[in-house]
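Colleague: test case, fold it:
(one chain, ligands or ions: 1)
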Amino acid sequence: MMRESMRSPAVVLREFGVPSVVVQPGEVDVREPAAEEVLLEVEYAPVNPADINVLEGKYGALPTPPCVPGVEGVARVVLSRSDLIKEGQRVLLPAGFGSWRRWGTCLASSLVPLDPDVPAEQAAMLRINPATADCMLREFVSLSPGDFIVQNASNSGVGRSVIQIARAMGVMTINVVRRPELISELSDIGADQVILEGEKLSSRILELADGRPLKLGLNAVGGESALGIAGALADSGTMITYGAMSRQPLRVPNGLLIFKNITLRGFWVSRWYREAEARKISEMFERLMSMAATGALHTPIAGRYTLNEIVPALEHAQTDRRSGKVLLCPNHSPKIVPTK
Ligand SMILES: NC(=O)c1ccc[n+]([C@@H]2O[C@H](COP(=O)([O-])OP(=O)(O)OC[C@H]3O[C@@H](n4cnc5c(N)ncnc54)[C@H](OP(=O)(O)O)[C@@H]3O)[C@@H](O)[C@H]2O)c1
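Modeller: Next comes the predicted model:
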């Protein structure tokens, strides 16, 4: 049973600004769960680019500081006042929970119960990046086995998920990266072709496609890289922009729209969760969990940090050329969490 006025260790965002300056380890109140609510202990929560953008105050939806950041994570139910979810069940956290904390309370109906075969660390990273990859591959263009798609930032969390989900669909991927050491790494997880950013990107992509039309391009970089992807698309192809890692705007020549009739779309998974039918969302989680349970969907981890280590965790998460995600481990003590 819960003690009255329980407090939880948490990362607290005081105001928007430079990420490592505006957050600090602290404590927040934890509400006693009411009827239909549960008390949760967070096990793992990643630091995603969206979290960095939130801390900077530059995102599509912003909380009001002081608050606890963290857009996703995995937790155990430690006290349940709902028939929907039992104590001990592992769950994915809902948007708005603020996952960079140890304990918190929320409605049982907002949680996604986790298949016990999915490793907890992988589960913590399932709700945003693999979901984004799955939606972009299924919701915009009708893809059949043997079709080719092209993407940039292909070693990112989303990019790796695109490679792994496309492979499960029989769809072939051409993957643009900015570091040569990633060519064999991504080939090992199922990338069909991997090439480096740089000059004449469209014509190098078209050479690899070898006459097969590219109906879909996925862009998380913007600037020159996006232009390279758009220029390689087939007539009436679609480019989806879902990120802007280079912070450079899209510059697409008029002719690509007029003569090649390409479509430019955007995607934001937060909007998708708000607008999609519940049945569609649960089917997606079933697909992602069954892949994650077998290891067919896997995101590497670059470092693990406790809540007290939030500043080095944020610095690591903002480092270029990382070898995976940075994970916060709110219920671990510093001694048992190996950092980088
Ligand atoms: N719209 C949505 O719903 C949605 C959902 C999920 C993610 N996203 C966005 O998707 C993007 C990737 O997210 P993630 O979590 O998958 O990323 P991540 O795992 O943190 O990886 C970041 C990626 O960005 C690349 N990168 C960083 N700076 C770059 C630059 N200046 N030019 C080109 N590439 C650069 C990195 O390449 P190196 O490894 O070479 O440094 C790496 O591939 C982010 O912009 C994120 O906000 C959007």
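Colleague: break the chain into its domains for me.
Modeller: Here the domain parsing of the chain from automatic domain parsing is 6-125+299-336, 129-270.
Colleague: okay, these in JSON lines with distance to the ligand, mean neighbour count and mean pLDDT next?
Modeller: For glycine as for every other residue, the C-beta is placed from the backbone atoms N, C-alpha and C. Below are these laid out as JSON lines (distance: least, Cβ to the nearest ligand atom, whole Å; neighbours: other Cβ atoms under 10 Å; pLDDT from 0 to 100):
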{"stretch": "domain 6-125+299-336", "distance to the ligand": "4", "mean neighbour count": "19", "mean pLDDT": "96"}
{"stretch": "domain 129-270", "distance to the ligand": "3", "mean neighbour count": "19", "mean pLDDT": "97"}
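Colleague: for those domains, which one sits closest to A293?
Modeller: Counting by Cβ to Cβ, A293 lies closest to domain 6-125+299-336 out of those; the figure is 3.7 Å.
Colleague: how far does that closest one sit from its chain's centre?
Modeller: 14 Å (Cα atoms, centre = their mean, to the nearest Å).
Colleague: got the phi and psi for P113?
Modeller: For P113, the backbone dihedrals are phi -60, psi 140 (criterion: degrees, to the nearest 10).
Colleague: that one contacts Q89, correct?
Modeller: Yes - P113 lies in contact with Q89 (Cβ atoms under 8 Å); the separation is 5.6 Å.
Colleague: helices of the chain, start to end?
Modeller: Listed in chain order, the helices of the chain (DSSP state H) span residues 19-22, 49-56, 120-123, 129-138, 157-169, 182-188, 201-209, 223-232, 254-258, 269-275, 278-294, 310-317.
Colleague: can you redo the domains of the chain as JSON lines with distance to A276?
Modeller: Below are the domains of the chain laid out as JSON lines (distance: least, Cβ to Cβ, whole Å):
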{"stretch": "domain 6-125+299-336", "distance to A276": "13"}
{"stretch": "domain 129-270", "distance to A276": "8"}
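Colleague: on that earlier part again, in TSV: the helices of the chain, plus distance to P94.
Modeller: Formatted as TSV, the entries for the helices of the chain read as follows, by distance: least, Cβ to Cβ, whole Å:
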stretch	distance to P94
helix 19-22	23
helix 49-56	15
helix 120-123	14
helix 129-138	13
helix 157-169	19
helix 182-188	32
helix 201-209	38
helix 223-232	32
helix 254-258	38
helix 269-275	9
helix 278-294	11
helix 310-317	22
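Colleague: which residues touch A75?
Modeller: Contact criterion Cβ atoms under 8 Å, 6 or more residues apart in numbering gives 40-43, 90-91, 93, 99, 104 as the residues in contact with A75.
Colleague: what residues does stretch 114-131 touch?
Modeller: With Cβ under 8 Å, 6+ apart, stretch 114-131 has contacts from 43-46, 48, 50, 71-74, 89-93, 112, 156-158, 161, 165, 269, 272-273, 284-285, 288-293, 297-299, 301, 325, 327.
Colleague: residues making contact with stretch 286-296?
Modeller: Among residues not part of stretch 286-296, those counted as contacts by Cβ under 8 Å, 6+ apart are 114-115, 117-119, 122-123, 126, 130-131, 134, 164-165, 168, 297-298.
Colleague: on that earlier part again, what sits in contact with each of P113 and Q89?
Modeller: Shared contacts of P113 and Q89, counting by Cβ under 8 Å, 6+ apart, come down to nothing at all.
Colleague: hmm, A133 is touching R167, no?
Modeller: No - under the criterion of Cβ under 8 Å, A133 lies out of contact with R167, with a separation of 11.4 Å.
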